[in-house]
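[1] Task: produce atomic coordinates for the following.
(chains A and B)
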Number of protein chains: 2
Amino acid sequence: MTDLLPTHDDVRRAADRLRPVAAITPLIESPLLNEELGGRLLIKCEMLQRTGSFKFRGAYNRISMIPDDKRKDGVVCFSSGNHAQGVAAAAQMLGVKAVCVMPSDAPKLKIENSRAFGAEIILYDRFRDSREEIGDRISRERGSTLVKPFDDPGIITGQGTIGLEIADQAKALGVKPDAVLAGCSGGGLITGIALGLSGGLAETAVYSVEPVGLDDMARSLESGRVEKNDPAARTICDALMSPSPGDITFAIARQRLKGGLAVTDAEVKKAMALAFRHFKIVCEPGGAVGIAAVMTGKMPIKGRTVVVVASGGNVDPALFQEALASA
Amino acid sequence: MTDLLPTHDDVRRAADRLRPVAAITPLIESPLLNEELGGRLLIKCEMLQRTGSFKFRGAYNRISMIPDDKRKDGVVCFSSGNHAQGVAAAAQMLGVKAVCVMPSDAPKLKIENSRAFGAEIILYDRFRDSREEIGDRISRERGSTLVKPFDDPGIITGQGTIGLEIADQAKALGVKPDAVLAGCSGGGLITGIALGLSGGLAETAVYSVEPVGLDDMARSLESGRVEKNDPAARTICDALMSPSPGDITFAIARQRLKGGLAVTDAEVKKAMALAFRHFKIVCEPGGAVGIAAVMTGKMPIKGRTVVVVASGGNVDPALFQEALASA
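    Purely as a prediction, here's the structure:
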C-alpha cells in the first residue's frame, strides 16, 4: 500500500494542472487578534477559491486526469455539497457531463450552485440511503467515471496544492509555521496538505480538526486502525460528516499527521463570528473548525505560528445569522 | 492648483512605501454570477487589507511622509471609523502617538479597534459638533500633524496604490476593464484610484458611487463646482457621509472621473447579501455601494468587464444580519 501512495511530486504535478484555472488564495492575519492571542494566526482563505471551497482543486485535478476517450461518458460524484460544486464547475470547464448525488438536506446554496454549474442533481436521504451505492450504480449504468470525494490520489494531490501555497506564502512572510490545521471529513484535504508541505515545511506539525462525535480521523490515528462514527452523530458542519477515513487517506495520515482535534458546534459558531469580525471572511461551519480549535486553546498558539485552512464559505444566510447572533 | 496635484508617479512612490506593510488584496470573481450578469464583475477585496479597509494605505503613506523631528508630536485624525483605524494601526507601526476624533454613533467595532491599535479616542456628536474644528484644535494644542481623511496628496496617492494593483491584476487576467467603481465620501479613494490607473489603464472609465442624498461628488461633477449635501441626509453607509468633495480630490475628479452614481440603502443591503453569497466576503455598507451600482444596472455590465472596489468590511454583526435577512 505505502508504495502506491501519492507523493509530494504528485502534488507538484497537480499544481501544474491547476495553475491556469485555480485561485492562489490569500494567507491573511489580524494584528489585533495576534496581539490578543500572543501568537500568530494565519488564515488560508479557501472560501475565495472557485466555487467557494477548496474542493474545486481536487475535482479539477482528478477530472483532467481522465483519458480523453473516457470523458464523453461523463463523471458522477456523491457529496454533501462542496465536492459536488467543485466537480460540477470543473466538469463544465473541461466539457464533461456531471451527475451529482447529494443529500436532500444539504444546504440549499450548495444544491443550487451545483445545478447552476450545469450538473444533473440526484437527491438522496442522508440517513437512509447509501450515497456510495447510488454513485456506483450510476457509474456502472452510464459508464461515467466516479469522482470520489476524498479516497483517490488525484483528489488528494489536488487539495494538496494548498500545502504548496502555504509553504510559499509562509516563506514570503519569513515564518516557519509550528502547526497547520484543516477540517477533516474523509481526510483528502488534510492528507493532501501534509503531502504538499512535505517539501518545504516537513517539520511543521499537521493536525486534522473534526466535529465532536464525528472525530473518526482522530480516533483512527489514536487506535491505529480505521474507526467509524456513530451513524446517529449530528453536527452543523455539513461538510464534515463522512463515516470514516478512507484507506488511502488514513495510510497517509498515519505517516504524516501529528494528531486529530475535535470541536463542538457551539465552538464552531463562535469561530464563524470571529472570522467575520477579525478577517471579514465568510466561513461555513466546516470551514471554521480550525479557527475554533485555536480559539478554544485545543491547539496552543501562545508564542507560536499556526496556519489554519478556512476551507469553505458555502453557508445559508440563516445559519450565518445564527452564528453571528450566538457570539 | 492643477500643477500641484499629485501624479501617477506619486502613486508609484506611495506603493514603494507600502510594499513591505500593506496586503496586495485579491481581485476575485464568480463564474456563476458572471453568467447571470452576462458580463465580468471583478471585486477588489479591500476588506482583506490591514484594519479591514483600504484606509490603512493612505494613512500609512501619509504618516511615513512626516519628517522625523515632527513624529514625536504625534498625529490626530477625524474619522467615522475606517480612517481612524488606518491611522491608529499605521501610527502604531511607525511608533507615532495617535489621537482619533470619532463620531459617538460610529460602529462600535470601528471605535473598539481604533482604541485597540493604541490610539486615544475622542468622541463627538456627528450632527452638532464640527469634527474639523476639534481636529484642528488638538493639532494646534499638541503640535501634532493632522492626518486628513481625504484632501491630502499623501492620502490620495496611498489609496491610489489600489489602482496600480488593479492594473497589474487585470493584466495578469488578460482583461482591460471597461469601468472601475469605488465608493466615495470625500473622494480620496476614487481619485487616488484614477491616478493609479492613469498609467496602464488610462482609457478605463472611473466612477464614484455614493449613497442617494449624499451624492455630493456626483452633483459636483455635474455642476462643475463643489456641491454640499443636505446636513439632514442619512444613510447606513457610515463611511460615506462627508459633506462635500475636497478641493484637491474635486480637482482630480474633474480631470479623471467619468461620472458619479448613487444607490439607496435598500440596494446596499442587497449588495452586502450578494457579496456574502457569491464572493464569501464581508462588506460593510459603504464597501458595497459599487456592487449595488452594478446589480441595479446603474452601471451596465452586459458584455463588459467592470471592476468594483469593495472598500471595507468593518460592520457590526447586527447590521450584517439585517442585510442578510432583507435579501
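
[2] Chain B contacts on the stretch 201-327 of chain A?
    A:273, A:276-277, A:279-282, A:313-314, A:317, A:320-321, A:324-325, A:327 (CB under 8 Å from any CB of the partner chain). C-betas here are computed from N, CA, C, even on glycine.

[3] low-scoring stretches of chain A, by residue?
    The model of chain A has pLDDT under 70 over residues A:1-3.

[4] Report the central residue of it.
    residue A:189 (4.5 Å; CA atoms, centre = their mean).

[5] Which helix or strand contains it?
    Per DSSP states H and E, residue A:189 falls inside helix A:188-197.

[6] buried stuff in that helix?
    Buried residues in helix A:188-197, counted by 16 or more other CB atoms under 10 Å in any protein chain shown: A:188-197.

[7] In its sheet, which strands sit next to whichever helix or strand comes after that helix, and in what direction?
    Note on helix A:188-197: by DSSP H and E, the next helix or strand toward the C-terminus is strand A:205-211. Here strand A:205-211 has these sheet partners by DSSP bridges: strand A:179-183 (parallel), strand A:259-263 (parallel).

[8] buried stuff in the last one?
    What it means is strand A:259-263. A:260-263.

[9] So which of those residues is the closest to chain B?
    Taking CB to the nearest CB as the measure, chain B sits nearest to residue A:263 out of the buried residues of strand A:259-263, at 20.7 Å.

[10] which residue packs closest to that closest one, ignoring adjacent ones?
    Of all residues not flanking residue A:263 in the chain, residue A:292 sits nearest, at 4.1 Å (CB to CB, 6 or more residues apart in numbering or on different chains).

[11] and if you look at residue A:47?
    Per CB to CB, 6+ apart, closest to residue A:47 is residue A:313, 2.9 Å.

[12] Against residue A:234, how distant is that neighbour?
    Distance, residue A:313 to residue A:234, using CB to CB, to the nearest Å: 22 Å.

[13] Residue A:127 too?
    The value you get for residue A:127 to residue A:234, if CB to CB is used, is 10 Å.

[14] And for residue A:52?
    The value you get for residue A:52 to residue A:234, if CB to CB is used, is 23 Å.

[15] What about residue A:205, how many residues nearby?
    The number of residues packed around residue A:205, counting by other CB atoms under 10 Å in any protein chain shown, is 18.

[16] ok, it - contacts?
    By CB atoms under 8 Å, 6 or more residues apart in numbering or on different chains, the contact list for residue A:205 reads A:178-180, A:258-259.

[17] pull the longest helix from chain A.
    Longest helix in chain A, counting residues (DSSP state H): helix A:153-173.

[18] How far does it sit from its chain's centre?
    Relative to its chain's centre, helix A:153-173 lies at 13 Å (CA atoms, centre = their mean, to the nearest Å).

[19] name the helices or strands packed onto that helix?
    Helices and strands touching helix A:153-173, by 3 or more CB pairs under 8 Å, 6 or more residues apart in numbering or on different chains; DSSP states H and E, are helix A:8-18, strand A:27-28, strand A:40-45, helix A:55-63, strand A:179-183, helix A:188-197, helix A:247-256, strand A:305-310.

[20] Single out the most deeply packed of these.
    Greatest average neighbour count among those goes to helix A:188-197 (a mean of 32), per mean count of other CB atoms under 10 Å in any protein chain shown.

[21] so the residue nearest to the centre of chain A sits right up against residue A:310, yeah?
    No. In this structure, residue A:189 is not within contact of residue A:310 by CB atoms under 8 Å, at 11.5 Å.

[22] returning to what we had before: now do the nearest residue to the residue nearest to the centre of chain A once chain neighbours are set aside: how many residues are near it, please.
    In space, and not counting its chain neighbours, residue A:189 is closest to residue A:159: 4.6 Å by CB to CB, 6+ apart. Residue A:159 sits with 32 neighbouring residues when counted by other CB under 10 Å.

[23] same thing with residue A:166?
    For residue A:166, the neighbour count with other CB under 10 Å is 25.

[24] my guess is residue A:10 meets residue A:152, correct?
    No. Counting by CB under 8 Å, residue A:10 stays clear of residue A:152, with 11.7 Å between them.

[25] what helix or strand is the residue of chain A positioned farthest from its centre on?
    The centre of chain A is farthest from one residue, residue A:69, which by CA atoms, centre = their mean lies 29.7 Å away. Using DSSP H and E, residue A:69 sits within helix A:68-71.

[26] Point me to the residue of the stretch 101-250 of chain A nearest chain B.
    Across the stretch 101-250 of chain A, the shortest distance to chain B (CB to the nearest CB) belongs to residue A:116, at 5.1 Å.

[27] wait, that residue sits on residue B:30?
    No. With contact defined as CB under 8 Å, residue A:116 does not reach residue B:30; the gap is 10.4 Å.

[28] Any figure for the gap between the residue nearest to the centre of chain A and residue A:256?
    Applying CB to CB, the value for residue A:189 to residue A:256 is 13 Å.

[29] ditto for residue A:70
    Distance of residue A:70 to residue A:256, given as CB to CB: 31 Å.

[30] how deep is the closest residue to residue A:96 other than its chain neighbours tucked in, by neighbour count?
    Among residues not flanking residue A:96 along the chain, residue A:71 sits closest, at 5.1 Å (CB to CB, 6+ apart). Using other CB under 10 Å, residue A:71 has 18 neighbouring residues.
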